[in-house]
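Q: the following comprises the amino acid sequence and a computationally predicted model.
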Amino acid sequence: MRPWARLLADLRNALSAHAGEKGIKVFMKEIGLKESRQQSVRGKAALVAVITMAMIMPFASKVCRAQEVSVLHSFTGPKDGAYPDGILASDSAGNLYGTTQIGGVYGAGTIFELSPEPSGKWRFTLLYTFTGGADGASPLGSLVFDAAGNAYATVSSGGANGLGAVIELSPPVRGAGKTWTEKVLYSFAGGSDGAIPFGDVVFDAAGNIFGTTSIGGNTHIGCPPAKGCGTIYELSPAGGGVWNERVIHALTDAFHEGAEPRAGLVIDAAGNLYGTTYEGGNNLFCGGMGCGAVFELLPPLKGKHWRYKNLIDFTAINGAFVRGPLTRSANGALFGTTLFGGQHDAGVVYSFTQESGHWKFRVVYNFDGIDGLQPAGNLAFDKSGNLYGATYEGGTNDWGALFQLVPNGDVWTENVLYNFVVSGKKTGAGPLAGVTLDSAGDLYLTTNQGGDLQACQPNAGCGTVIKFSGQ
């Protein structure tokens, strides 16, 4: 029996002893849980969360700070996009940039900007709408800017071969209107070069681009049949607007390597690359698929080969299935999340710290479903070293939560800052990406659903962009 199921049984017995079955049904009706929702895993988790909060609230030590949540934009689908999956990028002027997976005129996704106005409102601008053809479709990551203000991103489909691409967006020349120009730098072919990139790209000091593809490269029994385990690639400018692609490592899902990276890379000052894989690693765990891995790639010393180093294979006990990227702290430590696994099979926050020249792994926090479930995106640090993130599900309403982790030596204390509302009304629900933190300590993030419940039916809501001010 899973932990939440045991908890549900205990809570039900306790309530039944005091109120009887009729009392339980009345209580569930009052909190808005329908019988059909109670029968699903998601519904049971929600029932556990809500009943538990009702029972322990007078004694709770995790108290949310005074907060203000504002909706900067609710997506509607055909006009502006739907289902944003990536984190928000920001510039020095405080403008926010992001992508939507689908929607727009052609249904293939969009790129947007949100700009703060003196009135306190935010102006939404559609920068680019994908056609789904050679220009690409379905961006799942975010934008990365160069010094000239050009933006770079990946699309998971479309391109010359329909298998995704790396693209560049250039802002309009002054006086030439608001239209951004899109250019495909490289289209993946699905062979040894990889296919279907999910995550963001990253630049090194020389201007080369690095990223991952979720499939392609080497085939292996543990990877999707005939599709490959994914790659880590480099794009180098060759002059005249041409970029050359080469695979610096093809994952094999064997000998302690992961498979299917669904996030981008981070890079340190020495040019070392760090990344995660969704599954693979040790295939004795997670039903033979492997629970995912964290890896390091070191630049070549001599010759042309990068050196791959596996930092950990997850085992479910310490986490399972990694969708989000790594985040580097001010002192160079690495932090990340897993969707599942940990003490309650609800996901974990983990860290890697350098000790005597070696990376040491530890689980920073175990989610229990009530305080969050499936942390899927990136993390962000504030100036005091506190850590922020979001969970896709869980929380008191089981539609996701925004959390803070406060360090005290080796112990991290969690504060639930915000629980997304039932059905995603107003503020949205299901934050699939992570958070962006500004200098004032305000958090910005996207939700994958909810918002305007008249849009994107029958799933009710195309997602939102929200701001959380909790200082």
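A: Yes, it's here.
Q: any idea how far Ser439 is from Gly94?
A: Distance, Ser439 to Gly94, by CB to CB, to the nearest Å: 9 Å. For glycine as for every other residue, the C-beta is placed from the backbone atoms N, C-alpha and C.
Q: for those two, indicate the residue with more neighbours.
A: Each of Ser439 and Gly94 has its neighbours counted (other CB atoms under 10 Å); Gly94 has more, 14 against 9.
Q: pick out the least confidently modelled helix or strand of this structure, by mean pLDDT.
A: In the chain, no helix or strand scores lower on mean pLDDT, DSSP states H and E than helix 35-38, which sits at a mean of 34.
Q: so where is the protein shaky, pLDDT-wise?
A: Low-confidence segments of the chain, defined by pLDDT under 70: 1-67, 175-177, 221-222, 224-226, 254-255, 470-471.
Q: domain parsing for it?
A: If you go by automatic domain parsing, the domain ranges for the chain are 3-59, 67-89+325-471, 144-199+201-317.
Q: deepest-packed of these, please.
A: Greatest average neighbour count among these goes to domain 67-89+325-471 (a mean of 21), per mean count of other CB atoms under 10 Å.
Q: mind listing what the residue nearest the centre of the chain touches?
A: The centre of the chain sits closest to Gly377, judged by CA atoms, centre = their mean, with a distance of 2.4 Å. The contact partners of Gly377, by CB atoms under 8 Å, 6 or more residues apart in numbering, come to 87, 323-324, 337, 389-390, 431-435.
Q: check Tyr278 too.
A: Contacts of Tyr278 (CB under 8 Å, 6+ apart): 214, 258-262, 292, 321-323.
Q: out of the residues you listed, list just those in strands.
A: 258-259 (DSSP state E).
Q: out of the contacts of Tyr278, which is nearest to Val201?
A: Of all the contacts of Tyr278, Val201 sits closest to Pro261, with 12.7 Å by CB to CB.
Q: skip the chain neighbours and tell me the closest residue to the closest one.
A: Distances taken as CB to CB, 6 or more residues apart in numbering put Thr212 closest to Pro261, at 4.0 Å, once the chain neighbours are dropped.
Q: please point out which parts of stretch 126-134 sit buried.
A: 126-132 (16 or more other CB atoms under 10 Å).
Q: between the two ends of it, how far is it?
A: 20 Å (CA to CA, to the nearest Å).
Q: just send the domains of the chain back as CSV, with distance to Ala137 too.
A: Below are the domains of the chain laid out as CSV (distance: least, CB to CB, whole Å):
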stretch, distance to Ala137
domain 3-59, 29
domain 67-89+325-471, 12
domain 144-199+201-317, 4
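Q: and Gly103, which of these is closest to it?
A: domain 67-89+325-471 (3.5 Å).
Q: next up, the contacts around the closest residue to Ala263 other than its chain neighbours.
A: Leaving aside its sequence neighbours, Ala263 sits nearest to Pro325 (CB to CB, 6+ apart; 3.8 Å). Neighbouring residues of Pro325 by CB under 8 Å, 6+ apart: 199-200, 263-266, 275-276, 336, 378.
Q: cool, Trp359 as well?
A: 296, 311, 334, 352-353.
Q: beta-bridge partners for the closest residue to Gly394 other than its chain neighbours, please?
A: Leaving aside its sequence neighbours, Gly394 sits nearest to Leu373 (CB to CB, 6+ apart; 2.9 Å). For Leu373, the beta-bridge partners under DSSP bridges are Glu393.
Q: now do the contacts for the nearest residue to Phe314 once chain neighbours are set aside.
A: Of all residues not flanking Phe314 in the chain, Cys291 sits nearest, at 3.8 Å (CB to CB, 6+ apart). Cys291 makes contacts with 279, 281-282, 285, 313-316, 319-321, 338, 341, as judged by CB under 8 Å, 6+ apart.
Q: inside strands: which ones of these?
A: Those of the contacts of Cys291 lying in strands (DSSP E): 279, 313, 338.
Q: how near is the second one to Ala346?
A: Here the criterion is CB to CB. By it, Asp313 lies 20 Å from Ala346.
Q: farthest pair within the contacts of Pro325?
A: The widest separation within the contacts of Pro325 (CB to CB) is 14.4 Å, between Asp200 and Gly336.
Q: any idea how far the residue nearest to Pro261 lies from Asn272?
A: 15 Å.
Q: who's in contact with the closest residue to Ala205 other than its chain neighbours?
A: Spatial nearest neighbour of Ala205, chain neighbours left out: Gly271 (7.2 Å); criterion: CB to CB, 6+ apart. Neighbour list for Gly271: 204-205, 299 [criterion: CB under 8 Å, 6+ apart].
Q: in what helix or strand does Gly271 lie?
A: Gly271 belongs to no helix or strand when assigned by DSSP states H and E.
Q: how about Gly211?
A: strand 209-213.
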